[in-house]
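Here is my input; please provide its structure:
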Amino acid sequence: MSTTAKADGTPPPRTGIVKVVGASMVGTTVEWYDFFLFGSAAALVFGDVFFGEIGGTNGTLYAFMVYAIGFVARPLGGVVFGHFGDRIGRKKMLVLSLLMMGGATVAIGLLPTYGQVGVLAPALLVVCRLFQGFAVGGEWGGAVLMAAEHGDAGRRGFWTSWVQAGVASGNLLAAAVLWVLQTVQSPEDFQSWGWRVAFLLSGVLVLIGLWVRLSVEESPVFAQARDALAEQGAERQMPLLEVVKHYPREILLAMGMRLAENTSYYIFTVISLTYLTQYAGYDGKVGTQALLIGSAFQLAFVPLVGLASDRFGRKPFYLVGAVGVGVYTFFFFDLLESGSALVITGAVILGLLLHSFMYAPQAAFFSELFGTSVRYSGASIGYQLASILAGALAPIIALRLLGDVDDPNTSAVGVYIAITAVLTLVAVLLSKETSGSSLEHDRVLDEAAAGSASGSRTR
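Residues are numbered from 1 along each chain as shown. This is a model prediction of the structure:
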């Protein structure tokens, strides 16, 4: 259904904000279930399954390298999906990203092992991972913009934070499935075939997400800006070029704000699983259970921070989160060594709650930085480019910094996160507070209007 006015001049019916947020969140849950499932499996089984006799810590390192490849593909996905999302609409791109992500994840569940086909196994894993990264690169921007552009300015932080909570729910779901499989299966069965069940389940989740997403309307803010550009007869360049020309500072600030948030998240999730199993010697279920409970707490906490950011602003919470993770990581690994499942779970919970102070207001913050006609491209590029420097490298750098399993250098990881926290603090302090601002602004549209007016005067 079109979002433009009907023939009689009456506006089209608008999808309710709850339904829009639900559609954005369910799709994001499915996509990040797939993405985090790969990270968890890389920490637990991929080193042995896809890298043959290498196995052990080195095999896990190779698995994390493949994991990082997905992040390299994310900016390309952000550019391509952002381009078409800013040209033809948010909704179509969200449907496509969901199908692509789900297909790649199901394919991973069907891949042969190194023992069966040799080096072809990790090569196929790389291909699937690239498709995952490309798809998720286009997912986040579209999902948060559908929620932001349908909602009102006074509660934008709250509504968009539910999309962010979809990331926590995806991780929660992935951890829950893995925990159940590890509980009902022997370690040998889980290593042999059990992990594949979690990947194949993605097919069912995609069908659910697709059904929900097809039922919502296009963003009214996007439709209005698209029509305004058409009325002016403005010739559009590529949205990528337009956002770089008109919003370079905003892109850099978004990247800076993303560093500590993204890096710390993978320390508290993926690296915690690796540390508990390979360094601290715990059963894999201990880490998975801690991540499961921690994700549940984060799922409940994120909307509360989002709501508070509408009242007190985005920047204060972002600053608290950056300082929090910068300090806390120095103590995090000592808590994982405690020998108590309760302490380990508490350590993961606290890490994810500190992360939430940055992640909850992030969707609204980034949406408010860019104009409508390039918002999908701008938010996606700033978000995804930083993912290469942050999330892609975090597991690899952390594993290298930890070093020997008999004498891990956890302080080095603390210094690493502290550096990213300082960079994020600088970016936040240089940013303007955007809470409560209107999304109906656009430097590209303003320039086109000025050019049109100038052309009229010369004629």
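
The helix or strand hosting residue 241 - contacts with which helices or strands?
Assigned by DSSP states H and E, residue 241 belongs to helix 239-246. Helices and strands touching helix 239-246, by 3 or more C-beta pairs under 8 Å, 6 or more residues apart in numbering; DSSP states H and E, are helix 56-87, helix 375-387, helix 443-458. The C-beta positions use only the backbone N, C-alpha and C, and glycine is treated the same way.

closest one to residue 409 among those?
Across the helices and strands packed on helix 239-246, residue 409 has its closest neighbour in helix 56-87 (14.1 Å, C-beta to C-beta).

quick one: the very next helix or strand once past that closest one to helix 56-87, angle?
Where DSSP H and E defines the elements, the next helix or strand beyond helix 56-87 is helix 90-108. Counting by axes from the mean of the first three to the mean of the last three C-alpha atoms, to 10 degrees, helix 90-108 lies at 160 degrees to helix 56-87.

Using PDB, list the CA coordinates for helix 90-108.
Written as PDB, here are the backbone C-alpha positions of helix 90-108 (Å, rounded to 0.1, in the frame of the first residue of the first chain):
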ATOM      1  CA  ARG A  90      13.000   1.200   3.900                       C
ATOM      2  CA  LYS A  91      10.500  -1.700   3.900                       C
ATOM      3  CA  LYS A  92      11.700  -3.500   0.700                       C
ATOM      4  CA  MET A  93      15.300  -3.500   1.900                       C
ATOM      5  CA  LEU A  94      14.300  -5.000   5.300                       C
ATOM      6  CA  VAL A  95      12.500  -7.900   3.600                       C
ATOM      7  CA  LEU A  96      15.500  -8.600   1.400                       C
ATOM      8  CA  SER A  97      18.000  -8.400   4.200                       C
ATOM      9  CA  LEU A  98      16.000 -10.900   6.300                       C
ATOM     10  CA  LEU A  99      15.800 -13.400   3.400                       C
ATOM     11  CA  MET A 100      19.500 -13.100   2.700                       C
ATOM     12  CA  MET A 101      20.600 -13.500   6.300                       C
ATOM     13  CA  GLY A 102      18.300 -16.500   6.900                       C
ATOM     14  CA  GLY A 103      19.400 -18.300   3.800                       C
ATOM     15  CA  ALA A 104      23.100 -18.000   4.600                       C
ATOM     16  CA  THR A 105      22.500 -19.200   8.200                       C
ATOM     17  CA  VAL A 106      20.600 -22.300   7.100                       C
ATOM     18  CA  ALA A 107      23.400 -23.000   4.600                       C
ATOM     19  CA  ILE A 108      26.000 -23.000   7.400                       C
END
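
And that helix, what's buried?
90-91, 93-94, 96-98, 100-108 (16 or more other C-beta atoms under 10 Å).

Ok, stretch 419-430 next?
So for stretch 419-430, counting by 16+ other C-beta under 10 Å, buried means 420-421, 423-425, 427-428.

Stretch 155-169 too?
Taking 16+ other C-beta under 10 Å as the criterion, stretch 155-169 shows 155-169 as buried.

what ranges do the strands span in this structure?
Counting by DSSP state E, one finds no strands in the chain.

Low-confidence ranges, the stretch 301-450 of the chain, go.
444-450 (pLDDT under 70).

what about the helices in it?
Per DSSP state H, counting those that start in this stretch, the stretch 301-450 of the chain carries helices over the ranges 314-336, 341-369, 375-387, 394-402, 410-430, 443-458.

for those helices, which one ends up most surrounded?
helix 375-387 (a mean of 29; mean count of other C-beta atoms under 10 Å).

sorry, back to before: ok, which of the helices and strands packed on helix 239-246 comes nearest residue 224?
Short answer: helix 443-458, nearest of the helices and strands packed on helix 239-246 by C-beta to C-beta, at 10.1 Å.

Report how far apart the opening and closing residues of stretch 101-114 are.
End-to-end span of stretch 101-114 (C-alpha to C-alpha, to the nearest Å): 24 Å.

and that stretch, what's its mean pLDDT?
Averaging pLDDT along stretch 101-114 gives 90.

which residues are in contact with it?
The contact list for stretch 101-114 (C-beta atoms under 8 Å, 6 or more residues apart in numbering) reads 30-31, 34-35, 37-38, 49-52, 120-122, 124-125, 128-129, 131-132, 135-136, 139, 196-200, 202-203, 205-206, 209.

Buried ones from these, can you make that a PyMOL selection?
Selection of the buried residues among the contacts of stretch 101-114 in PyMOL, burial being defined by 16+ other C-beta under 10 Å:
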select buried, resi 30+31+34+35+37+38+49+50+51+52+121+122+124+125+128+129+131+132+135+136+139+196+198+199+202+205+206+209
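
Residue 20 and residue 68: what is the separation?
33 Å (C-beta to C-beta, to the nearest Å).

Just the ones of the contacts of stretch 101-114 in helices?
30-31, 34-35, 37-38, 49-50, 120-122, 124-125, 128-129, 131-132, 135-136, 139, 196-200, 202-203, 205-206, 209 (DSSP state H).

per-residue confidence for residue 242?
Per the predicted model, pLDDT is 85 at residue 242.

residue contacts, the closest residue to residue 181 other than its chain neighbours?
Take residue 181 and drop its neighbours on the chain: the residue closest to it by C-beta to C-beta, 6 or more residues apart in numbering is residue 194, 4.7 Å away. By C-beta under 8 Å, 6+ apart, residue 194 lies in contact with 181-182, 185.

quick one: which of those sit in helices?
181-182.

Make a markdown table from the contacts of residue 194 and add neighbour count to it.
Listed next are those as a markdown table, based on neighbours: other C-beta atoms under 10 Å:
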| residue | neighbour count |
| --- | --- |
| 181 | 19 |
| 182 | 20 |
| 185 | 16 |
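
Ok, which of the helices and strands packed on helix 239-246 comes nearest residue 360?
helix 375-387 (14.8 Å).

Against which helices or strands is the closest one packed?
helix 56-87, helix 120-150, helix 239-246, helix 248-266, helix 341-369.

Pull that helix out as CSV, backbone CA atoms only.
Provided in CSV are the C-alpha atoms of helix 375-387 (Å, rounded to 0.1, in the frame of the first residue of the first chain):
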residue,chain,number,x,y,z
ARG,A,375,19.4,8.8,6.7
TYR,A,376,19.5,5.1,5.9
SER,A,377,23.0,5.5,4.2
GLY,A,378,24.4,7.8,6.9
ALA,A,379,23.3,5.8,9.9
SER,A,380,24.3,2.5,8.3
ILE,A,381,27.7,3.7,7.1
GLY,A,382,28.7,5.3,10.4
TYR,A,383,27.5,2.2,12.3
GLN,A,384,29.0,-0.4,10.0
LEU,A,385,32.4,1.2,9.2
ALA,A,386,33.1,1.3,12.9
SER,A,387,32.2,-2.4,13.2
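
what angle sits between that helix and helix 410-430?
Using the same axes, to 10 degrees: helix 375-387 against helix 410-430 is 150 degrees.

and residue 78, what is it in contact with?
137-138, 141, 377, 380-381, 383-385.
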